[in-house]
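Peer 1: got a predicted structure here, sequence first:
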Protein chains: 2
Amino acid sequence: MARDKSAVKPTAAELTLLNILWQMGPATVRQIHETVSTTQKTGYTTVLKILQIMHEKALVVRDETNRAHVYAAADSETNTQSSLIKDLISKAFGGSTSKLVMRAIDESTSAEEIDDIRQLLNSLEK
Amino acid sequence: MARDKSAVKPTAAELTLLNILWQMGPATVRQIHETVSTTQKTGYTTVLKILQIMHEKALVVRDETNRAHVYAAADSETNTQSSLIKDLISKAFGGSTSKLVMRAIDESTSAEEIDDIRQLLNSLEK
DNA sequence: TAGTTATTACGACTCCATTCGTAATTTCGA
DNA sequence: TCGAAATTACGAATGGAGTCGTAATAACTA
């Protein structure tokens, strides 16, 4: 049996690094550390260690051609978002997507975002 | 300063017990354990311990009047769902509610659920 | 009352996430 | 070439989640 990739759920720290990788594209530890340092005070080797663990979990791939390894997200942002949301729907919303959507939309949701959602619904065949 | 309740995010195991409490209403450890046992094999003292930790975190309240303490969820299901979803939107969707909704709806979403969402949007003033 | 049963309290143990210091390795410039 | 700088590798320390065994306590019953 092949291992189910969607079973690997990134932790909070891992998601922080994935967000950077999705934004920047493939990057070295130094680049990633510099970016993460603008918002947090995290040591260089901490970032390195987390990337190594993510590599073991296959959350990232890395190019070892050069001295400084280049890391990249193994899965797309879209796919990761989908699996995170499916997880939350099953664990906290009794499996109901509509319940989640109803909770997600509140007074802080902008009119533009609501328009976006309306257009999405209109584009559905169902 | 009052402590911010929304800062406490229930873990996976805690969420399992909260779901039971929201469903059953206030209940003893025995009742909760019996319910959780229908789907998992978890020891009685494990459930007790988790409830005690949840009590320390103020995720549940308990009535110690009787020998068998009666536990109840401290916060409503709706409020907890809202804070879980806000957390996910900020950590994985760049703060965009519409992006989350777009990911949430996919081919597995039933026509009934999509209708529910349409009605929600129609009922909005925006 | 005395023993059995039910319940809570306590603490230990494992696993994993997160952090970082230090060692080993490689590269590059003087 | 050789030493400084950069990078990776390794491992230890901390803390929390989840698990459960055992002790302490309370209640019930024969």
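Peer 2: Right, received. Where do you want to start?

Peer 1: in chain A, which spans are strands?
Peer 2: A:27-28, A:60-63, A:70-73 (DSSP state E).

Peer 1: I'd like these as TSV, with mean neighbour count appended.
Peer 2: Where C-beta positions appear, they are placed from N, C-alpha and C, glycine not excepted. TSV is the format used below for the strands of chain A (neighbours: other C-beta atoms under 10 Å in any protein chain shown):
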stretch	mean neighbour count
strand A:27-28	18
strand A:60-63	16
strand A:70-73	19
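
Peer 1: what comes into contact with whichever helix in chain A runs longest?
Peer 2: Scanning chain A for the helix with the most residues, using DSSP state H, yields helix A:77-92. Contact with helix A:77-92 is made by A:6, A:9-10, A:18, A:22, A:73, A:95-97, A:100, B:12, B:15, B:19, B:80-81, B:84-85, B:88, B:92-93, B:99-100, B:103-104, B:106, as judged by C-beta atoms under 8 Å, 6 or more residues apart in numbering or on different chains.

Peer 1: which ChimeraX command selects the buried ones in the residues you listed?
Peer 2: To isolate the buried ones among those in ChimeraX, judged by 16 or more other C-beta atoms under 10 Å in any protein chain shown, type:
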select /A:10,18,22,73,96,97,100 /B:15,19,80,81,84,85,88,92,93,99,100,103,104
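
Peer 1: ok, and which of the contacts of helix A:77-92 reach DNA strand C?
Peer 2: Checked against DNA strand C using C-beta under 7 Å from any atom of the strand, the contacts of helix A:77-92 give no members in range.

Peer 1: now do A:T65, the pLDDT please.
Peer 2: For A:T65, the pLDDT comes out at 94.

Peer 1: ok, the one 3 residues further on next?
Peer 2: As summarised for this prediction, A:A68 has a pLDDT of 96.

Peer 1: and the gap between it and A:A74?
Peer 2: From A:A68 across to A:A74, the span is 19 Å (C-beta to C-beta, to the nearest Å).

Peer 1: so which of the two has more stuff around it?
Peer 2: The residue with more neighbours, out of A:A68 and A:A74, is A:A74; 19 against 13, by other C-beta atoms under 10 Å in any protein chain shown.

Peer 1: and that one, how far from A:K86?
Peer 2: On the measure of C-beta to C-beta, A:A74 and A:K86 end up 18 Å apart.

Peer 1: just how off-centre is the lowest-mean-pLDDT helix or strand in chain A within its chain?
Peer 2: Ranked by mean pLDDT, DSSP states H and E, the weakest helix or strand in chain A is helix A:111-122, scoring a mean of 93. The chain centre lies 23 Å from the centre of helix A:111-122; the measure is C-alpha atoms, centre = their mean, to the nearest Å.

Peer 1: got the domain ranges for chain A?
Peer 2: Using automatic domain parsing, the domain parsing of chain A gives A:9-73, A:95-126.

Peer 1: any idea how far A:T80 is from DNA strand C?
Peer 2: 15 Å (C-beta to the nearest atom of the strand, to the nearest Å).

Peer 1: pLDDT score assigned to that residue?
Peer 2: 97.

Peer 1: do the same with the one 4 residues further on
Peer 2: Note on A:L84: pLDDT of 97.

Peer 1: with A:L124 instead?
Peer 2: pLDDT, read off for A:L124, is 86.

Peer 1: burial of A:I32, as a residue count?
Peer 2: A:I32 has 21 nearby residues by other C-beta under 10 Å.

Peer 1: residues in contact with it?
Peer 2: A:L17, A:I20, A:L21, A:M24, A:V47, A:L51, A:Y71.

Peer 1: out of those residues, which is nearest to DNA strand C?
Peer 2: Of all the contacts of A:I32, A:V47 has the smallest distance to DNA strand C: 7.8 Å, by C-beta to the nearest atom of the strand.

Peer 1: okay then, goodbye and thanks.
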